[in-house]
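K.L.:
Compute the structure for the input listed below.
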Amino acid sequence: MERRIDFTSWDRGDRRRLLEREWLVANGLGGYCSSTVLGTLTRRYHGLLVAALPAPLGRQMTLAFVEERIITKPEVPPVDLSTLEKPSCPLDLTCADYLKAFTLEDGLPNWHYQVGECGIHKSLFMPHEQNSVHVSWLLADGPRVNVVLRIAPFVHFRSHGSEVHDGRPGPYEIEGYPEVEGGFVCQPCGEARDGNGSPVLRLFIRGAQATFRSSPRAEEVEYSVEKARGYPAVGTLWNPGFFEVTLPASEPLTLIASTEDWTTLHALSPRESLAAERGRRKALVESAARRIDHPLVSELILAADQFLMIPAARPADLALAHSSGQDRRSVVAGYHWFTDWGRDTMIGLEGLCLIPKRFEIAQAVLATFAGHVKNGLIPNLFPEGDIEGVYNTADATLWFVHALDRYVAYSGDREFALSLLPVLREIVDRHMRGTSFGIGIDPGDGLLAEGSEGYALTWMDAKLDDWVVTPRRGKPVEINALWYNALEVCAGFLSDVGDVEAAAAVAAAAERTRRSFNERFWYEEGGYLFDVVDGPAADDSSCRPNQLLAISLPNPVLDGIRWRPVVETVRERLLTPFGLRTLAPGCPDYQETYQGDLRARDAAYHQGTVWPWLIGPFVDAWLKVHPEDRDGARGFLTAFDDHLSEAGIGSVSEILDASPPFVPRGCIAQAWSVAEVLRSWVKTSADQAGTSV
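P.N.:
Got it, this is the predicted structure:
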């Protein structure tokens, strides 16, 4: 399986677009490596090894960049295959002239260079559940001349999300390891000895005899995306010297960078390690073979794998898992800057885990969040490098109930769901009595209200200092759709265990919610649903996509007679080729583009900006109104095939501009975007007609 971008016909102007295309590889721990196709660093998050370490460190930048220079013999001028962007200097695109193609093979990045008559193939991967990266070069074709490769690693120790000038820029202490051929250890000078757990970076060469030449230097780098977003943009990377090695003719040369111990690093050869990773990836795709009707499905399954992780930053979770015999897993909401968020995890669980039949991981994710329920709420998120969750969310917990229900629908494992019945009882009880942030039932109508001054508790949660962009205090439409669905699910589980009285009480609460919802939320003048009722000022008639959940969920709260006008309004006013706008054009706060400084971006985040994850609820609702129109529903998804060659190659972006050309913005790879496109694609397959999932 390959996604190929061929650059042979691109002119030099086109090649600047290589800075707008990025790649990402994750390690199953929350760590990753990522950069532009050209290799130039444009974001603070770009680096070849971002290690996921226990709190309070979190994810740490270690190896930021590798400068690659080849020298062919007979002598020709040295050729650089990589470029650092220097402040106040135009980007030198010379290296791009040698890049002929970029491919993803089984989701792993490859670069194909042509230097004269020599073809050079570069590849990269991270061994699963290791804070390691392997970068390999292979003399692919052409005359068998001697090709010398100089590899200069650039190091920067800092939190991956800190500003580019943060951290100690070097020099760092170098310790030689004579017994490790061509290897050395690089660690922050003094910090590792201060006992604060700073990582030790190990670097070495496998595949040929290498020499390391010490020639320390510091380089200032300008990160163009940080500059455009209004952040400090110049940082310093430190290089201790370079490896020099003649490329072997028959096997790859591999640079390994890692924060793991030497025993782990030498357990497998690079060839064995790569074979294991490729085998793991092929097995993921093969497990879902019946559902694959297009190569895009295989690509999205591998993209989904990048978000699933062991929460290595929270040792308490892992200790509990080991002592109880249960696994613990979580979901990175998006790369590069998100951690694990409850809402994103639960919305994405079906596409990330259940479509690929990764039921054990789905169960472990649900168990992880069930273990963190507090006052009837699951965490909104776990902050970077912290062990405690933050609970300021009105919908994540209701999505948790939905995700548990979907887990049972796919796996048939009702026993696990019933083991969480005490948690579900607590969730319903606390919402009935009222819990944190003003979340609770209005005794007057049985609808769920939420809101606390200074907080944004729904998924439309943009907030800058004291400014809550879309507060939505009152009774939001999707919160009550989710509440009704959760009550119906809980009533079913209570019936399963024979608790007739409790099941009847919950079912009665659901029926009251349904009646009140249909009385209060229909906006007759617009022919769609209010976004919020009983807000601080008045009912909010903004045309937003949230209303779709009243139809799309397994237990729809909206009366069927009103489904068609709602779906048609959303199709006409909000649908784009890449998902739904968050606000209809013509509404007072509508924004066409998401760009500028942080304030400008936050002002647009949920005020028109397109979110791909919303295509999932739209497809669900469309098929409820048009149950025979699977071809039409599939048509809403076709643009995503081309999108996988843009922005984050092989993945789906967090957001896009609200108007053509729908420029990708935000995270280059977003969990619920991938999950909902994958789920919707499978749902619109011909062989899914009539299935329960």
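
K.L.:
Tell me which stretches of the stretch 51-200 of the chain form strands.
P.N.:
In the stretch 51-200 of the chain, the strands defined using DSSP state E, counting those that start in this stretch lie at 58-73, 79-80, 99-105, 108-115, 118-125, 132-141, 146-159, 173-176, 184-187.

K.L.:
ok, and what's touching the second one?
P.N.:
It stands for strand 79-80. 67-72, 94-95, 98, 115 (C-beta atoms under 8 Å, 6 or more residues apart in numbering). For glycine as for every other residue, the C-beta is placed from the backbone atoms N, C-alpha and C.

K.L.:
In CSV, list the residues you listed along with pLDDT and distance to residue 569.
P.N.:
Shown next, in CSV, are these (pLDDT from 0 to 100; distance: C-beta to C-beta, whole Å):
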residue, pLDDT, distance to residue 569
67, 93, 54
68, 92, 54
69, 91, 58
70, 87, 59
71, 83, 64
72, 74, 64
94, 63, 53
95, 74, 50
98, 86, 52
115, 85, 57
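
K.L.:
For the helix or strand hosting residue 623, name the packing helices and strands.
P.N.:
Residue 623 is located in helix 615-625, with elements delineated by DSSP states H and E. Counting contacts by 3 or more C-beta pairs under 8 Å, 6 or more residues apart in numbering; DSSP states H and E, helix 615-625 packs against helix 549-552, helix 563-573, strand 579-581, helix 630-635, helix 671-683.

K.L.:
Need the distance between the two termini of stretch 404-420.
P.N.:
Chord length of stretch 404-420, first to last residue, is 9 Å (C-alpha to C-alpha, to the nearest Å).

K.L.:
and what of stretch 379-393?
P.N.:
Its start and end residues considered, stretch 379-393 measures 7 Å (C-alpha to C-alpha).

K.L.:
What's the mean pLDDT across it?
P.N.:
Stretch 379-393 carries an average pLDDT of 92.

K.L.:
quick one: the residue nearest to residue 363 when sequence neighbours are not counted and residue 384, what's the gap?
P.N.:
Nearest non-adjacent residue to residue 363, counting by C-beta to C-beta, 6 or more residues apart in numbering: residue 416, 5.7 Å away. Going from residue 416 to residue 384 by C-beta to C-beta, to the nearest Å gives 30 Å.

K.L.:
which one of these two has more residues nearby?
P.N.:
Counted by other C-beta atoms under 10 Å, residue 416 and residue 384 do not tie: residue 384 has more neighbours, with 19 against 16.

K.L.:
coming back round to it: how about exporting the helix holding residue 623 as PDB, limited to the C-alpha atoms?
P.N.:
What follows is helix 615-625, C-alpha atoms only, in PDB (Å, rounded to 0.1, in the frame of the first residue of the first chain):
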ATOM      1  CA  ILE A 615     -19.000  14.600   8.400                       C
ATOM      2  CA  GLY A 616     -19.700  11.500  10.600                       C
ATOM      3  CA  PRO A 617     -22.900  12.800  12.200                       C
ATOM      4  CA  PHE A 618     -24.000  14.200   8.800                       C
ATOM      5  CA  VAL A 619     -23.600  10.900   7.000                       C
ATOM      6  CA  ASP A 620     -25.500   9.200   9.900                       C
ATOM      7  CA  ALA A 621     -28.400  11.700   9.600                       C
ATOM      8  CA  TRP A 622     -28.400  11.600   5.800                       C
ATOM      9  CA  LEU A 623     -28.800   7.800   5.800                       C
ATOM     10  CA  LYS A 624     -31.600   8.000   8.300                       C
ATOM     11  CA  VAL A 625     -33.500  10.300   6.000                       C
END
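
K.L.:
now the strands for the stretch 401-550 of the chain?
P.N.:
440-441, 448-449, 463-464, 467-468, 475-476, 522-523, 528-529, 532-533.

K.L.:
Point out the other helices and strands that the second one packs with.
P.N.:
Contact analysis of strand 448-449 by 3+ C-beta pairs under 8 Å, 6+ apart lists strand 440-441, helix 477-496 as its packing neighbours.

K.L.:
which neighbours does it have in its sheet, and in what orientation?
P.N.:
Here strand 448-449 is paired, per DSSP bridges, with strand 440-441 (antiparallel).

K.L.:
just the third one next, same as before
P.N.:
The partner list of strand 463-464 in its sheet, established with DSSP bridges, is strand 467-468 (antiparallel).

K.L.:
Tell me which helix or strand residue 319 sits in.
P.N.:
Under the criterion of DSSP H and E, residue 319 resides in helix 315-324.

K.L.:
Helix or strand next in line after that helix, which one?
P.N.:
For helix 315-324, the following helix or strand on the C-terminal side (DSSP H and E) is strand 330-331.

K.L.:
I'd like the distance from that following strand to the chain centre, please.
P.N.:
10 Å (C-alpha atoms, centre = their mean, to the nearest Å).

K.L.:
strands paired with that strand, and their directions?
P.N.:
Within its sheet, strand 330-331 is paired with strand 308-309 (antiparallel), according to DSSP bridges.

K.L.:
pretty sure residue 363 contacts residue 415?
P.N.:
No. Taking contacts as C-beta atoms under 8 Å, residue 363 lies outside contact range of residue 415: 10.5 Å.

K.L.:
anything in contact with each of the two?
P.N.:
By C-beta under 8 Å, 6+ apart, no residue touches both residue 363 and residue 415.

K.L.:
Which one of the two is surrounded by more residues?
P.N.:
More crowded of residue 363 and residue 415, by other C-beta under 10 Å: residue 363, with 21 against 8.

K.L.:
And for residue 534, the neighbour number?
P.N.:
18.

K.L.:
Look at it and report its pLDDT.
P.N.:
pLDDT, residue 534: 96.

K.L.:
One more: residue 55?
P.N.:
pLDDT recorded at residue 55 is 84.

K.L.:
ranges for the helices of the stretch 151-300 of the chain?
P.N.:
According to DSSP state H, counting those that start in this stretch, the stretch 151-300 of the chain carries its helices in the segments 224-228, 262-265, 270-287, 295-305.

K.L.:
ranking those by burial, who's on top?
P.N.:
Across those, averaging neighbours per residue (mean count of other C-beta atoms under 10 Å) puts helix 295-305 on top, at a mean of 23.

K.L.:
which helices and strands does that helix pack with?
P.N.:
helix 270-287, helix 671-683.

K.L.:
Looking at the ones you listed, spot the one closest to residue 659.
P.N.:
helix 671-683 (19.0 Å; C-beta to C-beta).

K.L.:
Next, the angle helix 615-625 makes with the closest one.
P.N.:
Per axes from the mean of the first three to the mean of the last three C-alpha atoms, to 10 degrees, the angle that helix 671-683 makes with helix 615-625 is 30 degrees.

K.L.:
ok now helix 671-683, how far from the chain's centre?
P.N.:
13 Å.

K.L.:
so which of the helices and strands packed on helix 295-305 gets nearest residue 377?
P.N.:
Once these are compared by C-beta to C-beta, helix 671-683 is nearest, at 19.4 Å.

K.L.:
elements contacting the closest one?
P.N.:
Helix 671-683 packs on helix 295-305, helix 342-349, helix 615-625, helix 630-635, going by 3+ C-beta pairs under 8 Å, 6+ apart.

K.L.:
and stretch 281-298, how far apart are its ends?
P.N.:
End-to-end distance (C-alpha to C-alpha), stretch 281-298: 10 Å.

K.L.:
correction: stretch 111-119
P.N.:
11 Å.
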